[in-house]
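[1] Dropping the sequence and predicted coords here.
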Amino acid sequence: MNRAAANITKCLVGLISLLLAACNTNSPTEPPQLTLVGAISTTQPPTSTPVVTLTPTPTPFPSRTPIPTPRRVVVSRISPEINPAQITPMAEGAHLPDLTLTDIEGNVINLSEIGKPLVLNFWSVGCGSCFFEFPLLQEFYAYHGENSLVVIGVNIADFSDETRIIAEQLEIQFPVVIDANAEFFTTYFNGAVVPTTIFITSEGIISEVVIGPIDAYNLDLQLQKIGLPPRERRG
């Protein structure tokens, strides 16, 4: 090979080297590899819902033992001019004088000659609490018997027909008396309020004057004070 051919070859080799270098310089760099670890979620994480625990609350039930409530006393006042607290000769501890009453059947009753425990119950037609006492008085009257106890119902108003009807409807067996205009009640007992119940011993001594309605328990206690035995408890 002559010198000229060698130079041409040398130039061609250098040219090829330059082209290869240029190609390597302009070629884009291979992008880096991205490695994913785990899954990528495109949605928002769900909101946690609180857990509701229902704790049962015991239902309150009424007590088996009834709670006592004060007894409501309802009375009817006869006259505002009469003071029922005023002490009269017919107060507790006094001796019952010789008084005479006539019941709606026309029978005359001499109080001083009874000689048995006596209960005088003053009432009126318009007194609601008075009617509460009638069954109790009748019950105790029947229990002890007319030979051991005398009960007299005294109506302080002149309503003889109404009194008779009431006595029949309530099956009252003890004597019932009309005290027109409450004359007997106000004169001898300074009565101003009904119901009023007066308990008298067989000797004619006034043991107790109870103003207002009386229940079975206290009625039994008052009857014991005037000489009667206690009533046997039921059940």
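    Happy to help now that I have it. Numbering: from 1, shown residues only.
[2] Phi, psi for residue 155 please.
    Main-chain dihedrals, residue 155, degrees, to the nearest 10: phi -80, psi 120.
[3] so where's this protein shaky on pLDDT?
    The model of the chain has pLDDT under 70 over residues 1-90, 234-235.
[4] show me where it has helices.
    3-26, 128-144, 160-169, 183-189, 216-225 (DSSP state H).
[5] State the distance from residue 168 to residue 161.
    Separation of residue 168 from residue 161 (Cβ to Cβ, to the nearest Å): 11 Å. C-beta here means a position set from N, CA and C on the backbone, and glycine is covered the same way.
[6] what does residue 146 give?
    As defined by Cβ to Cβ, residue 146 lies at a distance of 25 Å from residue 161.
[7] quick one, strands of this protein?
    Secondary structure of the chain (DSSP state E): strands at 76-77, 100-102, 108-110, 118-123, 150-155, 176-178, 193-194, 196-200, 206-211.
[8] just to revisit the earlier point, between residue 146 and residue 161, who's got more neighbours?
    residue 146 (13 against 8; other Cβ atoms under 10 Å).
[9] Now do the same contact list for the more buried one.
    Each residue near residue 146 by Cβ atoms under 8 Å, 6 or more residues apart in numbering is listed here: residue 174.
[10] mind running it again at 10 Å?
    Going by Cβ atoms under 10 Å, 6 or more residues apart in numbering, residue 146 touches 116, 173-175.
[11] And the furthest pair within those?
    Largest separation among the contacts of residue 146 by Cβ to Cβ: 116 and 173, giving 15.6 Å.
[12] more neighbours, those two?
    residue 116 (16 against 13).
[13] Now do the phi/psi pair for that one.
    Here is the backbone geometry of residue 116 (degrees, to the nearest 10): phi -140, psi 160.
[14] measure it to residue 146 for me?
    Residue 116 is 9 Å from residue 146, by Cβ to Cβ.
[15] same thing with residue 218?
    Using Cβ to Cβ, residue 218 is found at 22 Å from residue 146.
[16] again, but for residue 233
    Residue 233 is 23 Å from residue 146, where distance means Cβ to Cβ.
[17] Ok, residue 186 next?
    Counting by Cβ to Cβ, the gap from residue 186 to residue 146 is 29 Å.
[18] Also residue 135?
    Using Cβ to Cβ, residue 135 is found at 17 Å from residue 146.
[19] ditto for residue 231
    Computed as Cβ to Cβ, the residue 231 to residue 146 distance reads 16 Å.
[20] so how far does stretch 179-188 reach from one end to the other?
    End-to-end span of stretch 179-188 (Cα to Cα, to the nearest Å): 12 Å.
[21] So what sits opposite the closest residue to residue 118 other than its chain neighbours in the bridge?
    Of all residues beyond its chain neighbours, the one nearest residue 118 is residue 200 (4.2 Å), with distances taken as Cβ to Cβ, 6 or more residues apart in numbering. As for beta bridges, residue 200 partners with residue 118, residue 206 under DSSP bridges.
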